[in-house]
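[1] using only what follows, build the 3D model:
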Amino acid sequence: MSRIGKKPVKIVKDVTVTQKADVLNVKGKLGEMTLKVHPNMKIEFQGDEVIVTRPDDTKENKSLHGLTRALLQNMVKGVSEGYTKQLDIVGVGYKAEAKGEAVLFNLGFSHPIYFIPPTGIKMEVVTPTQVKVSGFDKELVGMVAAKIRSFKKPEPYKGKGVKYSTEKIIRKAGKTAGK
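    Numbers count the residues shown, from 1 in each chain. So this is what the prediction gives:
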């Protein structure tokens, strides 16, 4: 049995999980998400828990078992608590500035970068060098944070660029002067 797949998903209060055919609908205070479940996976409701089961031990069903349970858990947590990613901007003159819904990034290029977040994502400029990306969809929050990081990835010599706040940049030694 999949270690993750056999764990039940706890449904917290203010979250409702409904099933119509092979589509799960999760609704909470932060939003609503849907998940199309593979036909081999069986969803059972037991009180305030949801249990995902598989019919047999084929390789495909084993992988789908853990995946389905993890996606459902992420949806329940997302609509109840939400997800956040913190980004740090490192470098002289590098900064972010809120412009209504959009965020203006100055990252050492000849032009500023205007970034408009997709629906369901909230961006907050905590300080000029810190940006917080939050939302109820874990995948979308991660994709938006990765997109912002891709504007100017941190370089290994001085660490300048956009990085996750938990990310550790491995530094390289610079050139040493000859003779």
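[2] in stretch 159-171, what's buried?
    Lys160, Gly161, Val162, Lys163, Ile169 (16 or more other C-beta atoms under 10 Å). All C-beta spots, glycine's among them, are computed from the backbone N, C-alpha and C.
[3] any idea of the mean pLDDT in that stretch?
    For stretch 159-171, mean pLDDT rounds to 93.
[4] returning to what we had before: now flag whichever of the buried residues of stretch 159-171 is closest to Ala102.
    Comparing those against Ala102 with C-beta to C-beta places Val162 closest, at 16.3 Å.
[5] wait, that closest one touches Ala146, no?
    No: contact criterion C-beta atoms under 8 Å: Val162 and Ala146 do not qualify, at 10.2 Å.
[6] residue ranges with poor pLDDT in the chain?
    1-2, 177-179 (pLDDT under 70).
[7] the helix ranked longest in it packs against which elements?
    Scanning the chain for the longest helix, with DSSP state H as the assignment, gives helix 59-80. Other helices and strands packing on helix 59-80, by 3 or more C-beta pairs under 8 Å, 6 or more residues apart in numbering; DSSP states H and E, are strand 9-10, strand 23-27, strand 32-36, strand 49-53, helix 138-151.
[8] apply 10 Å and report the result again.
    Contacts defined by 3 or more C-beta pairs under 10 Å, 6 or more residues apart in numbering; DSSP states H and E place helix 59-80 against strand 9-10, strand 16-20, strand 23-27, strand 32-36, strand 42-46, strand 49-53, helix 138-151.
[9] so which bits of that helix are buried?
    Quick answer for helix 59-80 (16+ other C-beta under 10 Å): 61, 64-80.
[10] follow-up on the earlier one: reformat the helices and strands packed on helix 59-80 as a markdown table; add mean neighbour count and distance to Gly91.
    Converted to a markdown table, the helices and strands packed on helix 59-80 look like this (neighbours: other C-beta atoms under 10 Å; distance: least, C-beta to C-beta, whole Å):
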| stretch | mean neighbour count | distance to Gly91 |
| --- | --- | --- |
| strand 9-10 | 18 | 42 |
| strand 16-20 | 13 | 45 |
| strand 23-27 | 17 | 40 |
| strand 32-36 | 14 | 36 |
| strand 42-46 | 12 | 48 |
| strand 49-53 | 18 | 45 |
| helix 138-151 | 17 | 12 |
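[11] now those as JSON lines including distance to Tyr94?
    Formatted as JSON lines, these follow (distance: least, C-beta to C-beta, whole Å):
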{"stretch": "strand 9-10", "distance to Tyr94": "41"}
{"stretch": "strand 16-20", "distance to Tyr94": "43"}
{"stretch": "strand 23-27", "distance to Tyr94": "38"}
{"stretch": "strand 32-36", "distance to Tyr94": "34"}
{"stretch": "strand 42-46", "distance to Tyr94": "47"}
{"stretch": "strand 49-53", "distance to Tyr94": "45"}
{"stretch": "helix 138-151", "distance to Tyr94": "10"}
